[in-house]
Structure formats: C-alpha cells, structure tokens
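Student: Here is my input, please return the structure:
(one chain, ligands or ions: 2)
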Amino acid sequence: MMIFTNTIFFRQDITLYATRDIPGDSVISATYTHTLWDTPRRRDHLWRSKCFWCRCRRCADPSEFGTWLSCGACPGCGGRVAPADPLDPDPEAEWRCDKCSRATPAGEMARLTAELSGELRSARWDRADPDSLERFLKEHAHRLPDDHSLAREVQQAIVNLYRAKLADIMENGQLLRKSFLCEMRQLHIILHCLRHHFCFSPVIP
Ligand SMILES: [Zn+2]
Ligand SMILES: [Zn+2]
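Tutor: Ligands and ions are numbered 1, 2, ... in the order given. I've put the predicted structure just below:
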C-alpha cells in the first residue's frame, strides 16, 4: 500500500507530513516532482533526474483526473488540445483538439509551455506584483487556458501575494479577484484532486 505525503527538505533533513492516516507497516512515499506541473514536465523531469518514464495513473490520464493541467488552446478554434497518449515520450506523438480535431505534435506543445514559462520569468513581468501577473494571464489567455498548469502556478502565486497583504488595505478589485480565485475553488479542487495522485515510482510492467 502506498501512503502519500507532503515533503519538506531542510539541509540534510526531510520532513514528511501525512495526507491521510498511515496504518502500521505501510510503505511511505513522497513525490519527486511538483504537484501543479503538467504531465510532460513531470515526466521529463523524472526521466532526466531519476531515469524512468513515470506510468502512474495521473500520467496515464489525458485529463489528469479532470484538471486538464497539460492541455493547451487550439490556435484554430480555441478548443482544448490534449494528448492522445500521454505516456508516449515521442516529440512527434499526436495531441488533438477536442473541437476541430486539428493535430499538433507533442514537441510543439512542450515548446509552447517552455516559451511561456520563459516569458513569465523575463524582466517584463514583476512576479512580486499581482497586477503584473494578472496582465501576464490576460495577454497570453489565447494560448494559455485558465486550467493549464502554468496558469495555475500564476494563479497560486497571485493568491499567495494577495494573502500576504492585509485585507483592510486591499482594494476592492483585488479582494474580488482573490474571492473569485478562491471561492470558485479552482485551486482548492485541483490540489485536493491531485494530493493523493503524485508521480511516485516507476511501474514495472
Ligand atoms: Zn481546434
Ligand atoms: Zn506519474
């Protein structure tokens, strides 16, 4: 039985926080990746750092349990572009739009994510300023759907920045945005959904 945890590394110590009750003599596991990363980024990271292609239930599910963290926006119709087989590491593996069926190679989707990630980390955007991050999401909304992992990372950063401000000095617009992000429970639902579905170990066929 695998038991899932949240893990904190500090110097030479590892602290594990259980996310569910742990029966005696159980195996304890920890994720090797970031929970909000999309499947291509998680699998690539695991391949490069741990030398295995993860084949866990989350990686095998094109929707990642309905969170759609990997999926991009179709440049033709705005539909959702999802991998036909998320476990295929070939850059030519087919991703397809759910509306117009337009096919896109996996490598092109990965390049788009890398390009947007690089853009987010450029000097153009102040990642300590929620307004700047909001503008980033708005400017790239045609390529970066709200439910893409990179958009979720930005949304989480915005919520954390808002949380750090005192509520009584926040402008109404910011309060409304924070309320929207939180009360829509988008991030909460995703984190709850994924908490017990980390990439955790290679599966021996
Ligand atoms: Zn399309
Ligand atoms: Zn996995």
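
Student: Please say whether there is contact between stretch 92-102 and ligand 1.
Tutor: Yes: residues of stretch 92-102 are located near ligand 1 by C-beta under 5 Å from the ion, namely 97, 99-100, 102. Any C-beta I mention is one placed from the backbone N, CA and C, and that applies to glycine too.

Student: Secondary structure and neighbour count for the residues you listed - can I get that in CSV?
Tutor: Output for the residues of stretch 92-102 next to ligand 1, formatted as CSV (DSSP: H, G, I helix; E, B strand; the rest coil; neighbours: other C-beta atoms under 10 Å):
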residue, secondary structure, neighbour count
Cys97, strand, 21
Lys99, coil, 13
Cys100, coil, 12
Arg102, coil, 14
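
Student: And those, which two are furthest apart?
Tutor: Pairwise distances across the residues of stretch 92-102 next to ligand 1 peak at 8.6 Å for Lys99 and Arg102 (criterion: C-beta to C-beta).

Student: Which residues are in contact with each of those two?
Tutor: Jointly contacting Lys99 and Arg102 under the rule C-beta atoms under 8 Å, 6 or more residues apart in numbering are 74, 77.

Student: any idea how far ligand 2 is from the nearest residue to Pro105 once chain neighbours are set aside?
Tutor: Using C-beta to C-beta, 6 or more residues apart in numbering and skipping the chain neighbours, the partner closest in space to Pro105 is Glu92 (5.1 Å). Between Glu92 and ligand 2 the distance is 21 Å, computed by C-beta to the ion, to the nearest Å.

Student: what helix or strand is Glu92 on?
Tutor: Glu92 is located outside every helix and strand, with elements delineated by DSSP states H and E.

Student: Thought Met109 was touching it, still the case?
Tutor: No: in this structure Glu92 lies outside contact range of Met109 using C-beta atoms under 8 Å: 11.5 Å.
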